[in-house]
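Colleague: Here is the input, now give the coordinates:
(4 chains, ligands or ions: 2)
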Amino acid sequence: MSTAVVTFPGSNCDRDCALALREGLGAPAARAWHKDHELPPGTTSVILPGGFSYGDYLRCGAMAALSPIMAAVKRFADAGGPVLGICNGFQILCEARLLPGALLRNHDGLFHCEDAELEVSAGGAGMLMCFDRRQRITLPIAHGEGNYTADAATLDRLESEGRVAFRYVARDAQGNGAVNGAQRGIAGILGGPAGNVVGLMPHPERRSGAHLHGADGLVLLRGLVAAGQRPGEVRP
Amino acid sequence: MRARVIVRLKPAVLDPQGEAVERALRGLGFSGVKNVRVGKLVELEVAGDAGLVKAELAAMADKLLANPVIEDYQVEVAG
Amino acid sequence: MRARVIVRLKPAVLDPQGEAVERALRGLGFSGVKNVRVGKLVELEVAGDAGLVKAELAAMADKLLANPVIEDYQVEVAG
Amino acid sequence: MSAATGSTLARLQDTDLSAVEHARDMGLDDAEYQRAQQVLGRVPNKVELGCFAAMWSEHCSYKSSRVHLRRLPTTGPRVLVGPGENAGVVDVGEGWAVAFKVESHNHPSYIEPYQGAATGVGGILRDVFTMGARPIAAMNLLRFGRPEHPKTAALLAGVVKGIGGYGNCFGVPTVYSSTDFDARYDGNILVNAFALGVLRADAIWKGTASGVGNPVMYVGAKTGRDGIHGATMASDSFSEGEEQERPTVQVGDPFKEKLLMEACMELFAAAPEQGGLLVGIQDMGAAGLTSSCFEMASRAGSGVRIDLDRVPTREQSMSAYELMLSESQERMLLVAKRGCEDAVRAIFSTWDLDCVTIGTVTDDGMVRLVKGGVEVAVLPARELADDAPRYERPFAAPPASPAPAPTWSSIEIGARAHVCSPALAPKSWIYRRYDREVGAGTLLDGSNAAAALVRIPHTQRAVAMALCCVGRWCSADPREGARRALIEGVLRTSCVGALPIGATDCLNYGNPRVPEVMGSLVEGIEGIREACLALDVPVVSGNVSLYNSTDERAIHPTPAVGVVGLVEDFAKALARPARAGDTMAVIGWPPAGPTLDLGRVRRLGELLRAMRLEGESLEAQPVMEGGLVSTLVELARRFGGGLFASLPSWGDAASTLHSEEAVAAAVVLPPERLQEAHQRARVADVPFEVLGALGGHHFVVAAEGAPLFEWATEALFADLEAVIPRIVRGERA
Ligand SMILES: Nc1ncnc2c1ncn2[C@@H]1O[C@H](COP(=O)(O)OP(=O)(O)O)[C@@H](O)[C@H]1O
Ligand SMILES: [Mg+2]
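Modeller: Numbering: from 1, shown residues only, chains lettered A, B, ... in the order given. Ligands and ions are numbered 1, 2, ... in the order given. Model prediction:
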């Protein structure tokens, strides 16, 4: 039973995620390589880490979405397995259509590396089981393309189905994320047959211990690991 | 055969890059500028006859070059 | 008037994006693809008559849209 | 240099320029050309001339600075590799070491700010991972022209974007940045990039080509016609290919470099049971294949034979000259053990990288270049790599040009204008463009601390770092300015609890043929030397960037110094955040003349370090550029609220606020530890004076019991944060 951290050639937060799992939670982490056709044996949850999967040329995550490992991740997700996409991982999940919508360039055209205050909009269940609904947490963002967008119908559906996972607390006059323009302030969403696929722009692995300015991120990673270990929900 | 695929953000999608360029152009004194949109131009060589090539280019765009959630594309084959 | 400025890396300049796209397309089975280059397409509206507009677009490209050290550009005015 | 090989070589006579003129075109002067001819015992052909010109260029040979650079102290108990390799290496304990270096990319960044800065970062990262070290931190020092100069906005935006674009994608956190604006950099901006990596102390790789018969392999990106002596090649009588404009600036591919780094890390660790696969490795930086071939052979006392037809290219029909001098990025040259080629290739192919055997190591001390089956150049490795001409250029005492002290209508107005000046205003806008946390090891970064602090993975250890130089001080006094660059780095790293263990320097100066410029360079080196000796900090690597001048108008002398410090247990160096009610004190000596006393600096550093590790100092910041008022504002900003400070009894209020001649630091202490801290200072015989406390929403400065001024912090912080964005937008101050 372990969390598979997928390494695309340009992933650069894969080691950080593995470290947070091991040091922060004492949970095992296994590495999955982008060219693999199967997840490692014993995988109970999956992380698509941040970075620049294939250089982020063309569109962030576009090429990664087509890599062999993503077919395996898709099968795992379709069977209800918990999958967490962080930053570039979120972009990959959208490009692979495992989550709806897309991430555009930030509205000011700039890369932002800073702390973001978030509201957990869908706490209490699944991977977000360790959060209270409406709980506020702080996680850092580091992205140039985190401007979440989808058509109005999709956004309405996300909201009505309770699939907005995280929102930026700071919004502009239109209600969009002040930092990057994300529609309706969306920082992360849920998908998959059982809300088992989560994508978010902020980096939980960077807040996984007191020496890293806080441990809010561990709460999410703990939820991910636990969601994969629920009896009766063991994946293929 | 030389071909190109033009990829544009859909009209309904906000184009932050286009807005930034517009602002910068105005700042430089080009005051008559409006509705700036920035797209991508993928130029490539493909083997095969024109008809087939067009279909192949469309397939490339569908699979990789454009994201239908936010983008439209257009293929052109030279001569 | 609708116009466009196409900005391309000069032929001798490395285009990492083009290379990455080429590799990805080949990986998807489009084996006949070669010499992929990715450029920028700036589309905009400008006021004025065609002749003047062309000169203005060139000025925009010189000043902002392209860096002559590594890029070439081409301006087109619609109809 | 036998007649036989000579006869197969292409002759120069087939062109219409004489060899001397060719040489001049390439940047060799007549005496240098004569020397080249003597070395060969014959007339060099154009490929050979190109190699001479590149190897004997200022950039590769340090011909103007070498005799002076030798004066820098470069040894110490922790130094594992000093200057001479791709990066210096310093022992940090528990079997770990760090490799670091700083390098300039000034001119390319002026021409193409994004790519110039990006490839500057790429180059220094390669220097570091070539040593076997995985990069864990990057810093930069940027100097732009005055904010209102028409080019400054675009240069600033482009350079910052380029640094972020490369570092963020590569996956190295950019943890410290120093940025300033000054008319002296109007046409000559500075972009200095620093990188630091971690490696096992017993697994250091060097650029050496030893072992006759071992294969020489080329890895990474394909070679194009990038950066082939842009200026001198304008007339282009050397091109055998089609006539076309050559890009003088390279485009970087951070993604490819990431792959290259990962593949190299695998290569370094491969096959330990048989002693590894690799003999030596070097990046292809300036002068590309030329410098890597000659330097690797020269270091080993060997030769190499290179088949240029096997070099992977991305352009058609490249000439031998072009192949040798291309500066295409993201390439490395390595020498593998014979018989290990397949294993090496397998590693690179995992990462989708080209890896080709292009030659072999020989024993005759010659670099032989073969193209189309014939030798097109035969040159002695050592003479080109190590026997470049050295110049003792005449130097004259540089004129001291202290900047005139600004005059203000009141202390308050003066202080406010001062702290909101571009040099002193916070650089948050810039820092936000950099991923400062990738790697999950950034404990502190320069946006919010006196120095950055980055964990050594898998250990409790951490390295602190800062990159410093105030050009204005160096114009006023080149030696003192350089001393202070090192002093600032030492004090900053001490503020976060680190013991300074090594330094790297990037000497940015004007035209060395101008005696006064040469004089300021010599003085600068002397200043770094004095400070290094007094503070026990060896220089382990560095870079020299000359000719930063336009029309005889040179930049401020700018010897940027990167100081690296060590913390053995980072838990001790991390303090709780400052909060309202915490005490503020100033430790150290009042202004005592323009030459800072190094003995005092040393004692202050020791005290700062002890106070931090003992949990007494929660925040600390040296009083340097901008004086005490700017230090206090910085502390308020980090705290995020107000403070009350009663000025120390240093003299009149204005000079106490602004003087840059104190050896002192301001610290924030938990009130319950005040006594202990005070005692510690007394034992150390360092002056200690309580200034006041943090709290409230006003920044209040008082002198002799009476308030001098009082600023609402909300407005103050807003003013401070607005300075850089205004420059980026190109708005007048
Ligand atoms: N100012 C300096 N101080 C200390 N070492 C220096 C200095 N300048 C150059 N060096 C050393 O000289 C060697 C050559 O430097 P350089 O030419 O910059 O290397 P590269 O080939 O990577 O560009 C390096 O080992 C470098 O550390
Ligand atoms: Mg080097």
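Colleague: Does anything pack onto the longest helix anywhere in chain A? Which helices or strands?
Modeller: For chain A, the helix with the greatest residue count under DSSP state H is helix A:216-229. Packing contacts for helix A:216-229, counted by 3 or more CB pairs under 8 Å, 6 or more residues apart in numbering or on different chains; DSSP states H and E, involve strand A:2-7, helix A:25, strand A:43-48, strand A:83-86, strand A:136-143. Every C-beta, even on glycine, is put in place using the N, C-alpha and C of the backbone.
Colleague: residues in contact with the following helix or strand past the longest one?
Modeller: Tracing the chain past strand A:136-143, the next element assigned as helix or strand by DSSP states H and E is strand A:147-149. Contacts to strand A:147-149, defined as CB atoms under 8 Å, 6 or more residues apart in numbering or on different chains, come from residues A:101-107, A:177, A:180-183, A:186-187, A:189, A:201, B:13-14, B:16, B:70.
Colleague: pLDDT weak spots in chain A?
Modeller: A:231-236 (pLDDT under 70).
Colleague: Which single residue of it approaches chain C most closely?
Modeller: Nearest to chain C in chain A, going by CB to the nearest CB, is residue A:57, at a distance of 4.0 Å.
Colleague: next one: the stretch 151-300 of chain D
Modeller: In the stretch 151-300 of chain D, the residue that lies nearest chain C is residue D:253 (3.7 Å; CB to the nearest CB).
Colleague: thinking that residue is in contact with residue C:15, fair?
Modeller: No: when contacts are counted by CB atoms under 8 Å, residue D:253 is not listed as touching residue C:15 (9.3 Å).
Colleague: So for the two, which sits in the more crowded spot?
Modeller: More crowded of residue D:253 and residue C:15, by other CB atoms under 10 Å in any protein chain shown: residue D:253, with 28 against 23.
Colleague: ok, and the closest non-adjacent residue to that one?
Modeller: residue C:16 (3.7 Å; CB to CB, 6 or more residues apart in numbering or on different chains).
Colleague: Wait, that neighbour touches residue A:57, no?
Modeller: Yes: counting by CB under 8 Å, residue C:16 does reach residue A:57; the two are 6.7 Å apart.
Colleague: What's the local residue count around residue D:372?
Modeller: 9.
Colleague: Which residues are in contact with each of residue C:16 and residue A:57?
Modeller: Common neighbours of residue C:16 and residue A:57 (CB under 8 Å, 6+ apart) are residue D:255.
Colleague: re the thing from before, quick one: contacts for the residue of the stretch 151-300 of chain D closest to chain C?
Modeller: By CB under 8 Å, 6+ apart, the contact set of residue D:253 is A:55, C:14, C:16, C:19, D:221, D:329-330.
Colleague: Helices - which of the residues you listed land there?
Modeller: Judged by DSSP H, helices contain the following of the contacts of residue D:253: C:16, C:19.
Colleague: Buried among the contacts of residue D:253? Make that a PyMOL selection.
Modeller: In PyMOL syntax, the buried subset of these is picked out as below (16 or more other CB atoms under 10 Å in any protein chain shown):
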select buried, (chain A and resi 55) or (chain C and resi 14+16+19) or (chain D and resi 221+329+330)
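Colleague: Of all the contacts of residue D:253, the one with the weakest confidence?
Modeller: Taking pLDDT as the measure, those have their low point at residue A:55 (88).
Colleague: pretty sure that residue contacts residue D:255?
Modeller: Yes: at 3.0 Å, residue A:55 and residue D:255 qualify as touching, with contact defined as CB under 8 Å.
Colleague: which neighbours do those two share?
Modeller: What both residue A:55 and residue D:255 touch, as defined by CB under 8 Å, 6+ apart, is the set A:10, C:16, C:20, D:169.
Colleague: Going by neighbour count, which of these comes out on top?
Modeller: The most crowded member of these, judged by other CB under 10 Å, is residue A:10 (26 neighbours).
Colleague: Name the nearest residue to it, sequence neighbours excluded.
Modeller: Closest residue to residue A:10 apart from its sequence neighbours, by CB to CB, 6+ apart: residue A:52 at 4.1 Å.
Colleague: ok, the one you found to residue A:8 distance?
Modeller: Counting by CB to CB, to the nearest Å, the separation of residue A:52 from residue A:8 is 9 Å.
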